[in-house]
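> only geometry, no sequence info:
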């Protein structure tokens, strides 16, 4: 790959979007797992559903504003000259556009379900005693929504890999790194959410902490794999300047530190500790998105 | 479909006059002010610097010196979009703005492009850029409007040394092969960059006399989708491990709870 003069200028709007989409996808995937182990009506699952949909709305807005011609955002979905659907399975950007449209539709139903579960309102027979999640239909919904969430968490990393841009195009593990970071930050957001809601004495928080420890470990392993498999161009763009600082920050702040807090800090019993661990994981996830998106563009 | 048309650029006869750049800008009504930047690049006579959304032709000046710097030579090359048969930009474009024309050339429809910029990262030759005036990605169209009217592209029309030749691809390739043979017979190591093995063939190909990297060209350009399957596979693997970790953690509490309930149950029975 040759050094670049033309940059994509995927800047703050893009890495913020990738971070928020990751949190939403990770939270929804966590809720899907809870559903599959028979805890679809748990407080954590409900918090996840309350988080995912609003974040995805923000993501759609950020992506639209980032376009050179935002008023033509719909060209991603409908062919402007034929009015036929516009879809390319082999283009991560095309697939991502559809995912950013379809996943929020699933997340919206789950969001409504969480509000109904909280007895805020009801729609006909759809009431707190008979929510979608926690029912057999909820399981099917969680599987489909969970798979969509996986794709949302992965596609932006895969999109970067599917380029000829030095750094991005040299690494095939970006998708894996992004989706695992998504799960970690989703869990982090749930830890923070549950701590804020004062649910830390609930057994769920202990489970969240246990899951976080394992996923953070997996994330750290993938960061090491990502760095170890970088080619010369990748080393030049990622292991220099602010990208290097951000990657180290992601590993320390978003990895080792929360790992210690969750493993030895009795985070499950102390709301402040759980909240701090959640915030650190979120900061780490954000730094990683920043490093991956900005690193190659700083150096071309 | 009409015969595949394209450019054959013989870099050995380029004199760096930049008539191609001027003709391109004039015909396509592209700004020649370089974004208002009046500073010189300091890189030989190259102040165009790059191909981008407003420079669709770029004459490169490569200065080469002997170790004792007593001898010097220029390699000059008029660079342009390669109109690849397997085009990375066309592959990733999510709006369908990038099309293959009846002349087998690759064109960005400016009225369809929404400026997502994925094609900029996908192009292995760093050809595409954003035109700030339109907010869309732009590059050489191989003068699609002129071709539709039976005219030669402006750059090829203006080239005074026939370094840029336009015509049916098969005919151009034969011409290039003949030129390579002639040069080799004269002792010059020449070769064609962009044959059918490279991305199915570049419909704008070059006769070069040094390594591709010397001209700023990639030696082995690839499609952006080259590792798409592997990326999804690794991603799925990563998610499965994370999912199992989650399931294990959440399942554990359930089992602990069940064990606890059993213990309590046994206790009450006693």
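Nice, I can see it. Given the structure is predicted, the values throughout are model-derived calculations rather than measurements. Residues are numbered from 1 along each chain as shown, chains lettered A, B, ... in the order given.
> How about the residues of the stretch 151-300 of chain A by chain B?
With Cβ under 8 Å from any Cβ of the partner chain as the criterion, the stretch 151-300 of chain A meets chain B at residues A:153-154, A:157-165, A:168-169, A:172-180, A:183-184, A:187, A:203-204, A:206-208, A:210-211, A:214-215, A:218, A:222. Any C-beta I mention is one placed from the backbone N, CA and C, and that applies to glycine too.
> Return the members of those classed as buried.
Among those, the ones that count as buried by 16 or more other Cβ atoms under 10 Å in any protein chain shown are A:153-154, A:157-165, A:168-169, A:172-180, A:183-184, A:187, A:204, A:206-208, A:210-211, A:214-215, A:218, A:222.
> Next step: these restricted to helices.
A:153-154, A:157-161, A:174-180, A:183-184, A:187, A:204, A:206-208, A:210-211, A:214-215, A:218, A:222 (DSSP state H).
> Backbone dihedrals for residue B:57, please?
The phi and psi values for residue B:57, taken as degrees, to the nearest 10, are phi -130, psi 140.
> and it, how far is that from chain A?
In this view, residue B:57 and chain A are 15 Å apart by Cβ to the nearest Cβ, to the nearest Å.
> mind checking how far that residue is from residue B:27?
According to Cβ to Cβ, to the nearest Å, residue B:57 and residue B:27 sit 11 Å apart.
> show me what contacts the closest residue to chain B within the stretch 1-150 of chain A?
Scanning the stretch 1-150 of chain A for the residue nearest chain B gives residue A:68, at 1.9 Å (criterion: Cβ to the nearest Cβ). Neighbouring residues of residue A:68 by Cβ atoms under 8 Å, 6 or more residues apart in numbering or on different chains: B:113, B:114, B:115, B:116, B:117, B:130, B:134, B:135, B:136, B:137.
> mind checking how far residue B:13 is from residue B:183?
11 Å.
> ok, residue B:95 touching residue B:111?
No - at 10.6 Å, residue B:95 does not count as touching residue B:111 under the criterion of Cβ atoms under 8 Å.
> Look up the pLDDT of residue A:2 for me, please.
At residue A:2, the model reports a pLDDT of 89.
> Isn't it up against residue B:219?
No - Residue A:2 lies out of contact with residue B:219 (Cβ under 8 Å); the separation is 9.4 Å.
> what is in contact with the two at once?
residue B:213.
> Neighbour count: these two, which is higher?
residue A:2 (18 against 10; other Cβ atoms under 10 Å in any protein chain shown).
> secondary structure element for the more buried one?
Remark: residue A:2 resides in no helix or strand, with elements defined by DSSP states H and E.
> three-state assignment of the closest residue to it other than its chain neighbours?
Leaving aside its sequence neighbours, residue A:2 sits nearest to residue B:218 (Cβ to Cβ, 6 or more residues apart in numbering or on different chains; 5.0 Å). What DSSP: H, G, I helix; E, B strand; the rest coil gives for residue B:218 is coil.
> Residue B:218: neighbour count?
15.
> Give me the subset of the contacts of residue A:68 lying in strands.
Those of the contacts of residue A:68 mapping onto strands are B:130, B:136, B:137, per DSSP state E.
> Who wins on neighbours among those residues?
That'd be residue B:137 among those, by other Cβ under 10 Å, with 29 neighbours.
> thinking again about what came up before, so how far is residue B:102 from the residue nearest to residue A:2?
28 Å.
> where along chain A do the helices fall?
A:12-36, A:43-66, A:92-117, A:136-161, A:174-196, A:203-228, A:232-238, A:241-251, A:257-264, A:271-299.
> Please enumerate residues in contact with the one helix or strand in chain A whose mean pLDDT sits lowest?
One helix or strand of chain A scores below all others by mean pLDDT, DSSP states H and E: helix A:257-264, with a mean of 88. Contacts of helix A:257-264 with the rest of the structure, by Cβ under 8 Å, 6+ apart, involve A:188, A:209, A:212-213, A:216-217, A:220, A:267, A:273, A:276-278, A:280-281, A:284.
> Max pairwise distance over those: which two?
Greatest spatial distance among the contacts of helix A:257-264 (Cβ to Cβ): A:220 and A:273, at 19.9 Å.
> and the closest residue to chain A within the stretch 1-150 of chain B, what does it touch?
In the stretch 1-150 of chain B, the residue that lies nearest chain A is residue B:115 (1.9 Å; Cβ to the nearest Cβ). If you count contacts by Cβ under 8 Å, 6+ apart, residue B:115 has them with A:67, A:68, A:69, A:72, B:130, B:135, B:136, B:137.
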